[in-house]
Every structure is written in C-alpha cells, then in structure tokens.
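S.K.: I would like the atomic coordinates for the input below:
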Amino acid sequence: MGTTSRALEVTIISGEGLRVDRRRPVKKKAFVVVRTNSQNSRSTKADFDGGSFPAWNEKLVLEMPAHARFLTVEVRCKVNSGDKVVGTAKIPVSDFAGGFFPPNYLHFLSYRLRDSGGERNGIINLSVRVKGTENVIGAATCAVAAASSSRPWMGGSTAVGKVYGGVATGVPVWMA
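M.R.: This is a model prediction of the structure:
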C-alpha cells in the first residue's frame with residue numbers, strides 16, 4: 001500500500017555568488033525553477049534587488065513521485081534573449097526523505113550550483129519538508145516482523161504500535 005507521490009514543501013531562501021558566464025555577477029531578475037521530474041516543476045518570482053546575492057524566501061509546493069531520486073534546483077536569470085541558466089544543483093532525495101527523519105521534519109540545506117560546463121557558480125540555500133505523516137512505528141514493526149520470519153533467532157513478536165525483539169547493539173565497556 002505505497003503512495004505514488006509525496007507532497008514537498010520547498011522554500012527557496014537565497015542565493016550566493018551568482019555569476020553569468022562565470023565572469024559577470026548577476027545584476028537582477030534571478031529566479032529559481034524546482035523540478036521533481038520533467039512534468040512537475042514550480043518557479044519563484046524574479047528577485048530584482050539582490051544582484052548576485054538574491055533573496056526569495058518563497059515557498060513552493062509540488063508533488064514528488066515515489067520513484068524520484070533527485071530534486072533539481074535551477075537558478076536562472078532573465079536576459080534580453082530570454083532566460084539564461086546560471087547554475088543547477090541535483091539534490092538526492094535521500095538528503096531529506098526516508099531513513100530515520102521524523103514526519104514533517106524541516107531540513108535546511110545549502111548546495112553548490114554548477115553551470116552548464118560543470119564549473120562552480122554560486123550556492124543555493126533552501127529548506128525542504130516532506131508533507132504528510134509517515135507511520136514510522138508501522139515501518140519499524142514491519143521491518144522487525146520481516147526480519148524475524150527470515151531470522152528466527154531474533155524473536156520479533158509484534159503488537160499494535162509496539163516492537164518487541166530485534167537486535168541490540170552497543171559498545172563494550174572494559175573495567176580495569
């Protein structure tokens with residue numbers, strides 16, 4: 001009974017040291033496009049005052065498919081000939097989802113942007129929250145139950161909302 005997507009709340013906070021063509025600092029009109037896949041993207045409004053250190057503080061909500069492995073953040077600026085990509089960061093989903101993070105945990109992240117040639121081109125600061133509640137206890141219960149069926153020495157009887165059995169780990173202490 002897995003979900004096909006999760007709601008993401010991405011707040012684009014600011015950028016640092018943005019340059020156009022690795023030479024000129026961004027003057028104005030920088031904005032950010034966030035993508036979970038090719039069909040799902042959201043963008044911020046353009047920053048007209050920050051130059052190469054823009055501040056957006058804009059919250060974007062988008063759906064992230066369950067199979068997504070990266071969140072793509074692309075900083076762009078408006079120029080006479082259209083939009084120019086300043087830099088891109090591919091953020092692994094494992095940096096903010098899954099594992100042992102509590103439900104609705106707010107992650108503050110900073111990533112190096114790379115231009116089209118792979119060169120460093122500024123930093124993007126953002127926060128990410130996976131919306132909704134994930135049943136962490138239920139997941140732990142299922143993991144122990146599955147482990148106990150394949151490894152009977154673990155015990156592993158379960159009750160609703162409680163986990164019994166499992167493996168205890170620790171560091172040995174030597175008394176002198």
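
S.K.: give me the neighbour count for residue 5.
M.R.: Neighbourhood size, residue 5 [other C-beta atoms under 10 Å]: 15. Every C-beta, even on glycine, is put in place using the N, C-alpha and C of the backbone.

S.K.: which phi and psi does the residue most central in space within the chain have?
M.R.: Nearest to the geometric centre of the chain sits residue 96, at 4.3 Å (C-alpha atoms, centre = their mean). Backbone torsions of residue 96, given as degrees, to the nearest 10, read phi -140, psi 0.

S.K.: now swap in residue 21 and tell me
M.R.: phi 60, psi 30.

S.K.: what's the distance between the closest residue to residue 66 other than its chain neighbours and residue 33?
M.R.: Leaving aside its sequence neighbours, residue 66 sits nearest to residue 4 (C-beta to C-beta, 6 or more residues apart in numbering; 5.6 Å). Distance of residue 4 to residue 33, computed by C-beta to C-beta, to the nearest Å: 23 Å.

S.K.: check residue 113 too.
M.R.: Using C-beta to C-beta, one obtains 12 Å as the distance from residue 113 to residue 33.

S.K.: beta partners of residue 14?
M.R.: Taking DSSP bridges as the rule, residue 14 bridges to residue 55, residue 125.

S.K.: so what's the residue count around it?
M.R.: Using other C-beta under 10 Å, residue 14 has 16 other residues around it.

S.K.: quick check: end-to-end length of stretch 46-57?
M.R.: Distance between the two ends of stretch 46-57: 11 Å, counting by C-alpha to C-alpha, to the nearest Å.

S.K.: list the buried ones in it?
M.R.: Buried residues in stretch 46-57, counted by 16 or more other C-beta atoms under 10 Å: 47, 50, 52-54, 56.

S.K.: the strands in the protein, which residues?
M.R.: Under the criterion DSSP state E, strands of the chain are mapped to 5-16, 19-20, 24-25, 30-37, 40-43, 55-65, 70-79, 82-92, 106-114, 120-130, 158-159, 162-163.
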